[in-house]
Each structure stands twice: as structure tokens, then as C-alpha cells.
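A.B. asks: Provided below are the primary sequence and the corresponding predicted coordinates.
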Amino acid sequence: MLVLAVTVFVLAVFIGFEIITKVPPTLHTPLMSGSNAISGITLIGAIVSTRTDNPQLATILAVAAVAFAMINVVGGYLVTHRMLAMFKKKKG
Amino acid sequence: MEHAYLIDIGWVDLAYLVASVLFILGIKGMTHPRTAVRGNLLSAWGMLLAVVTALLANGLSYQWILLGAVIGGAIGAFAAVRVQMTQMPEMVALFNGFGGVASVLVAGAAFVAAADPGLQTTIAAGLSGLIGAVTFSGSLIAFLKLAEKMPSGSLGFPGIKAFNALLGLAALAGVAWLAVDPSSMLAYWLIVAAACVLGVTLTIPIGGADMPVVISLLNSYSGLAAAATGFVLMNNVLIISGSLVGASGIILTRIMCKAMNRSLGNVLFAEFGGAASGPAADDVYGGKVKSTSPAEVAMMLDGVQRVLIVPGYGMAVAQAQHVVRDLANLLESRGAVVEYGIHPVAGRMPGHMNVLLAEADIPYDKLREMDDINNEIAQVDVCFVIGANDTVNPVARTDPKSPIAGMPIIDVDKARTVVVVKRSLSPGFAGIPNPLFAADNCLMMFGDGKKALVELVAALKEG
């Protein structure tokens, strides 16, 4: 199991390097705010940690995590969209 | 960790795979401004799919999830709508920190919930807590420095490096303690506490000019913390997304370091040299600086073919980007080609200047990268330098003993005529004089960037 997870990790890092080196400097700020949103993926971990049969402390921690991760997901995607909408090509 | 799902477990993993693919395609969309909006939407769809999939797990406390989601969602939406484009570095720094603290909390919750955590879970949880907490407190410091709510210069105390090394070792010892005694919740919170202090003491010595490097690095850490959480929960979508963010942050960190000709170690651990060496300002400028007026520059612009505008963060501070666009439009209507030369560290975070210019409706295809424009700079008739200093200082090329020696610059001194719009001859972040201002082909248009350019536009319209 662990080896498989490490495999996934290493391959994903390589894919990341391959595509992100192709992102032009013009889009580096939206790339960063977009990756803020993607790092909100901990939301998934937070959601599955709210299981009712867990100790109450786990639920409290998980709910706080849901809130922080949601800030990143909602705020990250929205502000990235706002920025990208401003990038326009020369008219005509 | 076993989870019972309403639907067959195979489908859950498949849905997470699809979400991961959407994240990758989303980032791929970011490789061109034309496809970037779609890419961001793809990524958001991936997130929605992953969240819905997670919500299908059995026995969740939906009311609590809803509470957290509503609070977080509202704060996130409010921040995204209200933030000024000049404040993007602060926002990204803060969000890096939220990513870090979310990982700390999820790893903590998983640890509390696990009846008998195995070695892998404990080590992964310990690392997740460690990286997440450093990211959290380090990002808060970066945020405070960028928002100028604390002094942006280098702070510290004697022996801070030894202190950091000891603290780092203590946190790692905590991870080892967890591995030996997986039932010890105390060890987990000690790691988090030590890492929180470490995040602060690692970030306070780093000066304001180096913040683009720091927020890129913390961006990467927030991804690595999420990936570590993925190892705690053995969840592939967390591992994949976390490593994508980790890779992105590392790449941007490298680009920023290269643009300042510094190594990462030098940015993170070096005390930036106190008094800058090299010639005094009087020796460089003495009697050689030529000052000009908007009316004079307007006459000079009569019939020019090629104009280059090199903006620095000072332009954004003066809110001059809109009048810069007006100037460019006016010159273009008279047949000149106007382009912009963007140094990678022109703003306060990677790509920041590009966003500030895009906000002023300046088309992205007029923005030229440093290396690209340097090849053609000798054909530029008039080059405007607005609010930039160190990034156009020819000393970087000529004086190997200068603090900015070897830093790549935009070679504006090679343009036929340079007009520098600046309040005074005061130095930039590097604290050294700029011989460009005394060069034969350089004219200084002293004054507030916005005011001077408004006068120039007016003079052009009259002339």
C-alpha cells in the first residue's frame, strides 16, 4: 500500500513539473491562487474525518479543517477566475 | 483507515481519479491565457466531484460539515470579491497558511480517530503536522510583512539560526517519539507547537524584497502538507493534488531565485549585507544627471517608432497603470509600437506585474519577457522606466563586487533614449546608486509617477 502511494506521489510530482514549467510568467499569479484552491483538497480529508463514530475531538478538529479548506477552495477559484477574466488580447 | 461508502469502493477511487485528471487538465489550461479560464473551471469541477464523492461516505456528521462549509465558503467568497489586485500577494500568503492549518487539523483528527494507528499513519501524521504548522505560522508572518502590519525588514536575534536548527531537530524528535509511541497525542501537539514557533523564526529574518521567494516556497509547503495528509488517510486525490501544488511552488521559487541571482539557501539563511559596498551616490550622479519635463518629453516623442515601458512596483503604488495605458494608446494612435518589458521580480509575487497591467486593460500580448525584449532593446527609440530601479541597474552587469552582481536585468541603458519617471534619486531595495540615471542617453522626469504621466499625456494631446 505504502509503496503504491509513494509511486503515485512521485509520478504526480513529475507530471506537475512537466506541465507547470510550461506556464508563462504572465499567468504565474493566477497559477498560485489556483494552486491555493487545489491545496484546499484537504477538504476531502476533513469531510471524511467527521464520521459520527469518531471521538468528539476529531469532529471538532475536522469541522475547523472544513472551514479553513473551504476558504481556500471558494476564495481560490473565485479570485483566480476574477483575475483570468482581466487577461485580454489586443483588439482587432 | 476503512470507510464504508454508499456505493462500491471501486467507484469512489475512480471518481477521485477523474477529479485528479481534471486538476491536471486545469493546470494545463494555465499554459496559455486563452485557455486559462476554462482550465480554472475544469479544476473547480474536479474539486466539486471530489467533494461530492467524499460526502457519499457513510455516517458523516452533515450538520457539522455544513456549518464549517458555510463559514469557510462565506469568508473565501468575501475575500475573493473584495481583494485589490495590489493585495494579491497578501491573499495568497494567507491562503497558503490556511492550507497548512487545514492539514494540521485533518492529520490531528485522523490521529485522534485512529484506534490503533500504524507506523505509517503516525509518521505521516507527524510530518503533516510539522509541515502544515510551519506553513501556517510562516505564512502569517509573510502576510503581516506584505500587508505592512509589521516591519518588512529583516528581524531576528543573535543565535537565531542555532535556535531554528534546535527547534527543527526537536520537531523531528517529536515525529520519532510518535513512531515509537503511536498513542501519544501529546507528541503530536508538541510537534505542531514547535513547528509553529519555527515557522515564525524562519520567516522574520527574511526581508521584504525576498517575499516573492518566500510565498512561492510556502505555496509549495502547503501542497506538501496536503500530500502528507493524503498519506495519513491513504487517499490518492490528496496525494496527487498536494504534489501538483508542491511542484508548482518549487518551480516558482526557482524562477524567483534565478531572477534575483540568489540561491534559495542565501535567501533563507543569509543575513543580507548591512551597508552596501561600491561607489557613493555623489560619485555616481555628481553633475551628470539630466532632468527633463513632461513638455520636453512630449516633443521628443514626436514621430517615434518604438516605445518600451518598463514598470516596477512603484508604478502600482502610485496607481499609475491606467495613465500608462492612456499614454500607450495615444502613442499607438500616432503609429508607434508600444510594448512592456516585465522583469520577473517587478511585482511582489511571481507574475504580479502582469496582473496589475491586465487590470488596466493592457493586452497580455504586449507584455514581453526580460530575455526576449533584451534581444531587441537596441531598436527601442524611447524607453520609459516607471517605478523600477534595481531591475534596470546596469551595475548588475558591470560590477562583479556589487550586491546585485549577476542579477539579470532589463538592459534599458541600451535603448536609444531612456526616460526614468521617479520621485528622487533614492536607491531601491538593494540600497545602491544606479549609474543608469547619470548615463548620456538617460533623462530623469522627477515627480509622482501618476502626476508626471498625466502631465505628459496632456502635453502630447496639446502638441
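C.D. replies: Sure, I can see it.
A.B. asks: so where is the stretch 1-150 of chain B shaky, pLDDT-wise?
C.D. replies: Scanning the stretch 1-150 of chain B for pLDDT under 70 picks out the ranges B:1-9.
A.B. asks: now swap in chain A and tell me
C.D. replies: Residues of chain A that meet the cut-off, pLDDT under 70, sit at A:91-92.
A.B. asks: helices along that one, start to end?
C.D. replies: Secondary structure of chain A (DSSP state H): helices at A:2-20, A:28-39, A:42-48, A:56-70, A:76-84.
A.B. asks: quick test: name the residue nearest the centre of chain B.
C.D. replies: B:M349 (2.9 Å; Cα atoms, centre = their mean).
A.B. asks: tell me the SS of the residue in the stretch 201-350 of chain B that chain A sits nearest to?
C.D. replies: Here the residue of the stretch 201-350 of chain B nearest chain A is B:A247; by Cβ to the nearest Cβ that distance is 2.9 Å. Any C-beta I mention is one placed from the backbone N, CA and C, and that applies to glycine too. Three-state call for B:A247 (DSSP: H, G, I helix; E, B strand; the rest coil): helix.
A.B. asks: so what's the closest residue in space to it that isn't next to it in sequence up against?
C.D. replies: Among residues not flanking B:A247 along the chain, A:G16 sits closest, at 2.9 Å (Cβ to Cβ, 6 or more residues apart in numbering or on different chains). Residues near A:G16 by Cβ atoms under 8 Å, 6 or more residues apart in numbering or on different chains: B:27, B:243-248.
A.B. asks: just among those, which is most surrounded?
C.D. replies: B:V245 (34 neighbours; other Cβ atoms under 10 Å in any protein chain shown).
A.B. asks: in contact with the closest residue to that residue other than its chain neighbours, which residues?
C.D. replies: Closest residue to B:V245 apart from its sequence neighbours, by Cβ to Cβ, 6+ apart: B:G223 at 2.7 Å. B:G223 is in contact with A:35, A:38-39, B:99, B:241-249, counting by Cβ under 8 Å, 6+ apart.
A.B. asks: and the two most separated of these?
C.D. replies: B:G99 and B:A247 (14.9 Å; Cβ to Cβ).
A.B. asks: any idea which residue sits dead centre in chain A?
C.D. replies: Centre-nearest of chain A using Cα atoms, centre = their mean is A:I38, 1.2 Å out.
A.B. asks: ok, B:S20 - how many residues close by?
C.D. replies: Neighbour tally, B:S20, other Cβ under 10 Å: 24.
A.B. asks: cool, B:V180 as well?
C.D. replies: Count around B:V180 with other Cβ under 10 Å applied: 10.
A.B. asks: now do B:I204
C.D. replies: 20.
A.B. asks: which one is it nearest to, not counting chain neighbours?
C.D. replies: In space, B:I204 is closest to B:L155, 4.3 Å off (Cβ to Cβ, 6+ apart).
A.B. asks: what does the stretch 301-450 of chain B put close to chain A?
C.D. replies: B:342, B:344, B:347, B:349-352, B:354-355, B:358-359, B:361, B:363-367, B:369 (Cβ under 8 Å from any Cβ of the partner chain).
A.B. asks: what about the longest helix in chain B?
C.D. replies: Max-length helix for chain B by DSSP H is helix B:119-146.
A.B. asks: report the distance from the helix or strand that comes right after that helix to the chain centre.
C.D. replies: Moving toward the C-terminus from helix B:119-146, the first helix or strand encountered (DSSP states H and E) is helix B:160-180. Distance, stretch centre to chain centre, for helix B:160-180: 28 Å (Cα atoms, centre = their mean, to the nearest Å).
A.B. asks: buried residues in the following helix or strand past helix B:160-180?
C.D. replies: Counting by DSSP H and E, the next helix or strand C-terminal to helix B:160-180 is helix B:185-203. Across helix B:185-203, burial judged by 16 or more other Cβ atoms under 10 Å in any protein chain shown covers B:187-192, B:194-199, B:201-203.
A.B. asks: looking at the residues you listed, which is nearest B:A54?
C.D. replies: Looking across the buried residues of helix B:185-203 and measuring by Cβ to Cβ, the closest to B:A54 is B:Y188, at 23.4 Å.
A.B. asks: got the contact list for the closest one?
C.D. replies: By Cβ under 8 Å, 6+ apart, the neighbours of B:Y188 are B:107-108, B:111, B:125-126, B:129, B:174, B:178.
A.B. asks: now B:G387
C.D. replies: B:311-318, B:320, B:421-422, B:449.
A.B. asks: from chain A, how far off is it?
C.D. replies: Remark: distance between B:G387 and chain A (Cβ to the nearest Cβ, to the nearest Å) = 18 Å.
A.B. asks: state the pLDDT value of that residue.
C.D. replies: At B:G387, the pLDDT value in this model is 91.
A.B. asks: phi, psi of the closest residue to it other than its chain neighbours?
C.D. replies: Excluding the flanking residues, the one nearest B:G387 by Cβ to Cβ, 6+ apart is B:G314, at 2.4 Å. B:G314 adopts backbone torsions of phi -60, psi -30, taken as degrees, to the nearest 10.
A.B. asks: before we move on, what about A:P55?
C.D. replies: According to degrees, to the nearest 10, A:P55 has phi -60, psi 160.
A.B. asks: can I assume it is in contact with B:A115?
C.D. replies: No - using Cβ atoms under 8 Å, A:P55 is not in contact with B:A115; the gap is 9.9 Å.
A.B. asks: higher neighbour count, the two?
C.D. replies: Neighbour comparison, A:P55 and B:A115: the larger count goes to A:P55, with 12 against 6 (by other Cβ under 10 Å).
A.B. asks: any idea how far the more buried one is from chain B?
C.D. replies: Taking Cβ to the nearest Cβ, one finds A:P55 at 6 Å from chain B.
A.B. asks: contacting residues for that residue?
C.D. replies: Contacts of A:P55 (Cβ under 8 Å, 6+ apart): B:112-113.
A.B. asks: so B:S103 is in which element?
C.D. replies: B:S103 belongs to helix B:88-113, assigned by DSSP H and E.
A.B. asks: can you get me a residue count around the closest residue to B:P33 other than its chain neighbours?
C.D. replies: With Cβ to Cβ, 6+ apart as the criterion, B:P33 has its nearest non-adjacent residue at 4.4 Å, and that residue is A:F87. Neighbourhood size, A:F87 [other Cβ under 10 Å]: 23.
A.B. asks: next one: A:L78
C.D. replies: Neighbour number of A:L78 under other Cβ under 10 Å is 22.
A.B. asks: that one contacts B:A77, doesn't it?
C.D. replies: Yes - with contacts counted by Cβ under 8 Å, A:L78 reaches B:A77, the gap being 6.0 Å.
A.B. asks: residue ranges with poor pLDDT in the stretch 151-300 of chain B?
C.D. replies: In the stretch 151-300 of chain B (pLDDT under 70), the answer is B:270-278.
A.B. asks: need the residues of it near chain A, please.
C.D. replies: Counting by Cβ under 8 Å from any Cβ, the stretch 151-300 of chain B comes close to chain A at B:215-216, B:219, B:222-223, B:225-227, B:229-249, B:251-252, B:255.
A.B. asks: now the buried members of those residues.
C.D. replies: B:215-216, B:219, B:222-223, B:225-227, B:229-249, B:251-252, B:255.
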